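> what follows is a predicted structure for the sequence shown.
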Amino acid sequence: MSVSQPRKLSEQAAELVVALTADTPRERAAARSALDAWKAADPLHAQAAERMEYLLGQLEDVQRIGAGDSRPARAAIHAALKPEADGKRRGARIATAAMLALSLCGAAWLGLQHYPPALLTADLRAGTGQWQQHTLSDGSRLTLNSGSAVKLAYTPQQRTVRLVQGEVLVDVARDAARPFIVQTEEGSIRALGTRFVVRRVDGVTELSMLESKTAVQTAAQAAQLSRENMVVTAGQRLRIEAGALGPLGRIDAGSVSDAWRLHQLVVQDRPLSEVLDELARHRPGALRYDRAQLDGIRVSAVLPLDDTERALHLLLTSFPQLRIRTVTPYLVLIDAPTS
């Protein structure tokens, strides 16, 4: 491959990817077909398009959500594609324009990462990478980790904490006159003791009992005021999905407590993709990876959640077949090349 070929591929990729932001649906569809065909023609084409395509995807996300205007960023990239009279190559200008585009949309996009709408409407919240502890009016304590949000509803008859998203460690103050209940979209957890963790990610609620016990119902059972429930005791973990409870699993309650105290992720024989999912939840920006490619790699490790860069370095040390590329501080690409 000649020295100039990577530059030419970079220019071609940028032109094709920028065309995806055309004004009309017909133009965008044609641009997508052209880009897909170009990428399929040669693996080098797909590699050349990867970074710019991801950047434009982020700009479209910002524009769709309404957090910012991607037109200045798009204009910056289009300007870099215009021919110059002095004959300078456009490769360097394209890269510069990409960085400019990222900076133009970065503030709004990172704001969404730290404070998405669910967090902004919550009573208590923790932004990306944050850990927050709150003592409630009754003396109960809630510890929220990265990207978590709860709503509170305290009445003379009942204490209710609604976990909107993320994960919360609950230390319940005793009050025989007012039950303490943690609710999610999937279910209802009534405290019969003192200490437990509730996690809600991707439409699934997970309960980890650290001390004493809780009585759990699905959301449907709670809505029907059913008396049926499942009692979960210390050292057990329960998965709660829409209309279903279970299965029950075992946990080391002491290790879970220590992990919360030390801000650690403790994993035992879990797919690498699941580990990266959790690290991604604790860092600003994005980790991008192919789940199918990485699921064959199993991880047993203790990783720092408050230093995800170090966590990634530890994974790379343990699995040298991994390739970790930092495009910007807010975009990291991870794969495992076969050759």
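Sure, I can see it.

> neighbours of the closest residue to residue 159 other than its chain neighbours, just the number please.
Of all residues not flanking residue 159 in the chain, residue 180 sits nearest, at 4.7 Å (C-beta to C-beta, 6 or more residues apart in numbering). Every residue, glycine included, has its C-beta placed from N, CA and C. For residue 180, the neighbour count with other C-beta atoms under 10 Å is 24.

> so what touches stretch 286-301?
54, 58, 265-273, 275-276, 279-280, 314-315, 318-319, 321-322, 330-336 (C-beta atoms under 8 Å, 6 or more residues apart in numbering).

> and if we set it to 7 Å?
54, 267-273, 275-276, 279-280, 314, 318-319, 330-336 (C-beta atoms under 7 Å, 6 or more residues apart in numbering).

> could I get it in CSV with only the CA atoms?
Only the C-alpha atoms of stretch 286-301 are listed here, as CSV (Å, rounded to 0.1, in the frame of the first residue of the first chain):
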residue,chain,number,x,y,z
ALA,A,286,-18.7,6.0,25.0
LEU,A,287,-17.1,2.6,24.9
ARG,A,288,-17.8,1.0,21.5
TYR,A,289,-17.3,-2.8,21.0
ASP,A,290,-18.7,-5.8,19.2
ARG,A,291,-20.5,-7.9,21.8
ALA,A,292,-20.5,-11.1,19.6
GLN,A,293,-16.7,-10.8,19.1
LEU,A,294,-15.9,-10.3,22.8
ASP,A,295,-18.5,-12.6,24.5
GLY,A,296,-16.1,-15.6,24.2
ILE,A,297,-13.7,-13.8,26.6
ARG,A,298,-14.6,-14.6,30.2
VAL,A,299,-13.5,-12.3,33.0
SER,A,300,-12.8,-12.8,36.7
ALA,A,301,-11.4,-9.6,38.2
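
> contact partners for the closest residue to residue 138 other than its chain neighbours?
Sequence neighbours aside, residue 173 is the residue nearest to residue 138 in space, at 5.1 Å (criterion: C-beta to C-beta, 6+ apart). Listed by C-beta under 7 Å, 6+ apart, the contact set of residue 173 reads 138, 139, 140.

> quick one: residue 12 from residue 28, how far?
Separation of residue 12 from residue 28 (C-beta to C-beta, to the nearest Å): 18 Å.

> now do residue 252
52 Å.

> how about residue 281?
The value you get for residue 281 to residue 28, if C-beta to C-beta is used, is 31 Å.

> look at those two and report which has more neighbours.
Applying other C-beta under 10 Å to residue 281 and residue 28 shows that residue 281 carries more neighbours, namely 21 against 14.

> wait, residue 190 touches residue 178, no?
No. Taking contacts as C-beta atoms under 7 Å, residue 190 lies outside contact range of residue 178: 11.4 Å.

> returning to that earlier point: which PyMOL command selects the buried ones in the contacts of stretch 286-301?
Only the buried entries of those go into this PyMOL selection, using 16 or more other C-beta atoms under 10 Å:
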select buried, resi 267+270+271+272+273+275+276+279+280+330+331+332+333+334+336
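
> OK, contacts around the residue nearest to residue 159?
Counted by C-beta under 7 Å, 6+ apart, residue 180 has contacts 140, 159, 172, 191.

> give me the secondary structure label for residue 28.
The three-state assignment at residue 28 reads helix, by DSSP: H, G, I helix; E, B strand; the rest coil.

> what do you get for residue 325?
Recorded secondary structure, residue 325: strand (three-state DSSP).

> ditto for residue 133
strand.

> count of residues packed around it?
The burial count for residue 133: 12, using other C-beta under 10 Å.
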